[in-house]
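>>> I would like the atomic coordinates for the input below:
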Amino acid sequence: MPVFELPQEHLFPKPELAEEDGLLAVGGDLSPGRLLTAYQLGIFPWYSGDSPILWWSPDPRWVLFPAAIKVSKSMRKVMRRQEFVVRYDTAFSAVVGACAEIPRRGQEGTWLTSEMEAAYIDLHRLGFAHSVEAWQDGELVGGLYGVSLGGCFFGESMFARRSNASKAALIALAWHLAALEFKVIDCQVHTPHLESMGAQEVSRAGFRELLREGLQMPLLRGKWTDLMAEGELG
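Residues are numbered from 1 along each chain as shown. Sure thing, here's the model as predicted:
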């Protein structure tokens, strides 16, 4: 399959045309309109600073169904004791910056370029991107961020500065989204950590069907902390 070069318009080739490794297209930009179009099609950007923007649609796709998250006995104790205070959208830029700084096993540097950081901060300002933060003793010690559209949450990256911090953030998010009947948390690709917490693989076609159903649900746009205070987010 060829890798497609994107035009100036916010258009993408059919995800089914992706190469075996999931690479679909190259180029374009990280404008809010293009990013939101990509997520609705099951496509996401992933590239390093020394390459052009690369767009992916892997098959299979790894997802987490909110109500099916696996919580170990030890993590249940952590959550019950409230070792972490979980907040939403109070430190989005700090979460993205921390995700960029955390070393990844087998990876030099970071895939989260300054261009990508700025793009997701823009999506956050527009009410589409959200952070889930684990705080301990007044310090941000872990969390994750992603994009929410309808009943779908597209996870982008997570970090932990203290043991179990990112797990606590993900568990709290999954429990909350399950209560709101969200269809899926997109994990994009496999990691042993996510699999241990219940992530599973679905076909690209299956993922597109989940998107179709989820995107018909109401859009919870805006800072989630504000929406919670107003009773719109449970």
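>>> how about the residue nearest the centre of the chain, what does it touch?
The centre of the chain sits closest to residue 155, judged by Cα atoms, centre = their mean, with a distance of 1.2 Å. Residues in contact with residue 155 (Cβ atoms under 8 Å, 6 or more residues apart in numbering) are 64, 144, 146, 185, 186, 187, 188. Where C-beta positions appear, they are placed from N, C-alpha and C, glycine not excepted.
>>> so which of those would you say is closest to residue 41?
Residue 41 lies nearest to residue 186 out of the contacts of residue 155, by Cβ to Cβ, at 12.1 Å.
>>> Can you show me the CA trace of the host helix or strand of the residue nearest to the centre of the chain as PDB?
According to DSSP states H and E, residue 155 maps onto strand 152-160. Extracted in PDB, the C-alpha atoms of strand 152-160 (Å, rounded to 0.1, in the frame of the first residue of the first chain):
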ATOM      1  CA  CYS A 152     -15.100   8.100  23.100                       C
ATOM      2  CA  PHE A 153     -11.900   9.100  25.000                       C
ATOM      3  CA  PHE A 154      -8.700   8.900  22.900                       C
ATOM      4  CA  GLY A 155      -5.800   8.400  25.300                       C
ATOM      5  CA  GLU A 156      -2.600  10.000  24.200                       C
ATOM      6  CA  SER A 157       0.000   9.600  26.900                       C
ATOM      7  CA  MET A 158       0.500   9.100  30.700                       C
ATOM      8  CA  PHE A 159       3.200   9.600  33.200                       C
ATOM      9  CA  ALA A 160       4.000   8.800  36.900                       C
END
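>>> to the chain's geometric centre, what's the distance from that strand?
How far strand 152-160 lies from its chain's middle: 3 Å, per Cα atoms, centre = their mean, to the nearest Å.
>>> quick one on the thing from earlier: tell me what the residue nearest to the centre of the chain is bridged to.
Counting by DSSP bridges, residue 155 is bridged to residue 146.
>>> Kindly indicate the member of the contacts of residue 155 with the most neighbours.
For the contacts of residue 155, the largest number of neighbours (other Cβ atoms under 10 Å) sits with residue 185, at 26 neighbours.
>>> For residue 198, see how far away it is.
Distance of residue 185 to residue 198, given as Cβ to Cβ, to the nearest Å: 10 Å.
>>> who touches both of these two?
By Cβ under 8 Å, 6+ apart, the residues touching both residue 185 and residue 198 are 64, 65.
>>> who does the lengthiest helix in the chain touch, helix- and strand-wise?
Across the chain, the longest stretch assigned as helix under DSSP state H is helix 165-179. When contacts are defined as 3 or more Cβ pairs under 8 Å, 6 or more residues apart in numbering; DSSP states H and E, helix 165-179 sits against helix 73-81, strand 85-88, strand 129-136, strand 139-149, strand 152-160, strand 184-188.
>>> can you state the direction angle for that helix and strand 129-136?
Here helix 165-179 runs at 130 degrees with respect to strand 129-136, directions being taken by axes from the mean of the first three to the mean of the last three Cα atoms, to 10 degrees.
>>> Need the CA coordinates for helix 165-179. CSV is fine.
C-alpha atoms of helix 165-179 as CSV (Å, rounded to 0.1, in the frame of the first residue of the first chain):
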residue,chain,number,x,y,z
ALA,A,165,0.0,7.5,40.3
SER,A,166,-0.8,7.0,36.6
LYS,A,167,-2.8,3.8,37.4
ALA,A,168,-4.9,5.8,39.9
ALA,A,169,-5.6,8.4,37.3
LEU,A,170,-6.6,5.8,34.7
ILE,A,171,-8.8,3.9,37.1
ALA,A,172,-10.6,7.0,38.2
LEU,A,173,-11.1,8.1,34.6
ALA,A,174,-12.5,4.6,33.6
TRP,A,175,-14.9,4.5,36.6
HIS,A,176,-16.1,8.0,35.8
LEU,A,177,-16.5,7.3,32.1
ALA,A,178,-18.3,4.0,32.8
ALA,A,179,-20.8,5.9,34.9
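>>> All good on my end, thank you.
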